[in-house]
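S.K.: Sequence below, structure please.
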Amino acid sequence: MLTRPLAGSDVVLYRLGTGALRAVRPYCPHLGAHLGLAKVEGDDLVCPFHSFAFGPDGTCVRTGYGTPPPRSSLTRLPVHEVNGAVFVWRHHDGREPDWVVPRWHEIGSRPARTAAWEMAGNVQEVIENSVDLGHFATLHGWARAEIGGPVAYDGAAFHVSMRAHETAPLVGDFTVDVEVDGYGLGCLHADVHTPRFGLRMCTMVMPTAIAPNRMQFRQLNRIAFAEPGRLPKPLARAVSRTAARLLDRAVFRSSCEFTAADFPIWHTKQYQQPPRLAPGDGPIGPFRRWARRFYPQSADRAPMTRLHRGAGEDGAVVS
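M.R.: The predicted model follows:
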């Protein structure tokens, strides 16, 4: 049983006895008890207040006192489990999903590492960061970054290729190739390859709007090292796996530090509309036109503008 915030309300997640995942609105239709306190019995979710039980399809199947159950059901939400994460679909008009996050390849033999934070900000700007070319040099310290061709948009998805040129003490110059795939405004997958070191890292970034101008930010990383070609296959595999085991924690820490450079910016900025763009910014304009599809047609189709910092919003905290 898990309770998680989503867009100003709670979502209760639980597994049936079969292992199937369910996501429901948090309140019992009987008398409103919060189902985050419920328990699962077999395939039924049992309310903590009067022990009303709800079957796999959400229908009330029994009461706590043996009387006929009322005609009522839980409000279920579409849920999709993929890539080591759980995605709950929310549509302002209650429509069913018309796209899903696909299954991405997994690399290496190490389990994924994860981290989570909570902060002010809107999720669109997290995903927008992937095409904000200018900030990679000014904020993240890349010596030079370039986008390899136009960003490809396809419905709810987009793809962009990048190359970063870096310089580090002792090792000198090297390049980092990044393939980014985004789905909606809640999931970004980056396949990062550093050929000189044989390092490959897959990072999944998942910002979730939990309240107006408030978000949770989750990051999931996996790494792998190329097998040295000059060694016999069994030894090369052992060397690759040993390198991943020894450096996994350090690489993850470095990746989180890279991402965290954006946190103070997101936490205190406002959404600037229209932006006064300049050469070198990257394709932010086309990205924002694409992002409009995720807002109600009747709205102004822009994220809530941040006017000031709210009480208690004095820093990002690990959730």
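
S.K.: And the residue most central in space within the chain, its phi and psi?
M.R.: By Cα atoms, centre = their mean, the mean C-alpha position of the chain lies nearest to Met206, the distance being 1.0 Å. Phi and psi for Met206, reported as degrees, to the nearest 10, are phi -130, psi 90.

S.K.: Quick check: closest non-adjacent residue to it.
M.R.: With Cβ to Cβ, 6 or more residues apart in numbering as the criterion, Met206 has its nearest non-adjacent residue at 4.4 Å, and that residue is Arg218. C-beta here means a position set from N, CA and C on the backbone, and glycine is covered the same way.

S.K.: for Val151, same thing?
M.R.: Spatial nearest neighbour of Val151, excluding adjacent residues (Cβ to Cβ, 6+ apart): Val160 at 4.6 Å.

S.K.: Double-check that that neighbour belongs to a strand.
M.R.: Yes - according to DSSP: H, G, I helix; E, B strand; the rest coil, Val160 belongs to a strand.

S.K.: And it, how far from Asn221?
M.R.: 19 Å (Cβ to Cβ, to the nearest Å).

S.K.: how much space between the nearest residue to Asp281 once chain neighbours are set aside and Arg276?
M.R.: Of all residues not flanking Asp281 in the chain, Gly134 sits nearest, at 5.0 Å (Cβ to Cβ, 6+ apart). With distances taken as Cβ to Cβ, Gly134 is found 13 Å from Arg276.

S.K.: mind listing what's buried in the host helix or strand of Thr175?
M.R.: In the assignment (DSSP states H and E), Thr175 maps to strand 172-183. For strand 172-183, a neighbour-count test (16 or more other Cβ atoms under 10 Å) marks Val176, Val178, Val180, Asp181, Gly182, Tyr183 as buried.

S.K.: In terms of pLDDT, where does the residue nearest to Glu227 when sequence neighbours are not counted sit?
M.R.: Nearest non-adjacent residue to Glu227, counting by Cβ to Cβ, 6+ apart: Ala236, 3.8 Å away. Note for Ala236: predicted pLDDT of 80.

S.K.: was I right about Ala236 contacting Pro228?
M.R.: Yes - assessed by Cβ atoms under 8 Å, Ala236 is found in contact with Pro228 at 5.0 Å.

S.K.: Bridge partners for Glu41, pull those for me.
M.R.: Asp44 (DSSP bridges).

S.K.: number of nearby residues for it?
M.R.: 11 (other Cβ atoms under 10 Å).

S.K.: and if you look at Glu125?
M.R.: Neighbour tally, Glu125, other Cβ under 10 Å: 21.

S.K.: which secondary structure element contains it?
M.R.: Counting by DSSP H and E, Glu125 is part of helix 123-128.

S.K.: Now do the helix or strand just after that helix: which elements does it pack against?
M.R.: Toward the C-terminus, helix 123-128 is succeeded by helix 133-138 as the next helix or strand (DSSP H and E). Helices and strands touching helix 133-138, by 3 or more Cβ pairs under 8 Å, 6 or more residues apart in numbering; DSSP states H and E, are strand 144-147.

S.K.: Gly282: what secondary structure?
M.R.: coil.

S.K.: Run a quick neighbour tally on it.
M.R.: As a measure of burial, Gly282 has 24 neighbours, counting by other Cβ under 10 Å.

S.K.: Mind naming the longest helix for the protein?
M.R.: Taking DSSP state H as the criterion, the chain has its longest helix at helix 233-260.

S.K.: my read: Ala226 touches Ser240, true?
M.R.: Yes - Ala226 lies in contact with Ser240 (Cβ under 8 Å); the separation is 6.7 Å.

S.K.: More neighbours: the two, which one.
M.R.: Legend: neighbour count by other Cβ under 10 Å for Ala226 and Ser240, higher for Ser240 (19 against 16).

S.K.: what's near enough to touch that one?
M.R.: Gly198, Ala224, Phe225, Ala226, Glu227, Pro228 (Cβ atoms under 8 Å, 6 or more residues apart in numbering).

S.K.: Just want the phi and psi numbers for the last one.
M.R.: Phi and psi for Pro228, reported as degrees, to the nearest 10, are phi -60, psi 120.

S.K.: burial measure for it, as a count.
M.R.: For Pro228, using other Cβ under 10 Å, the count is 14.
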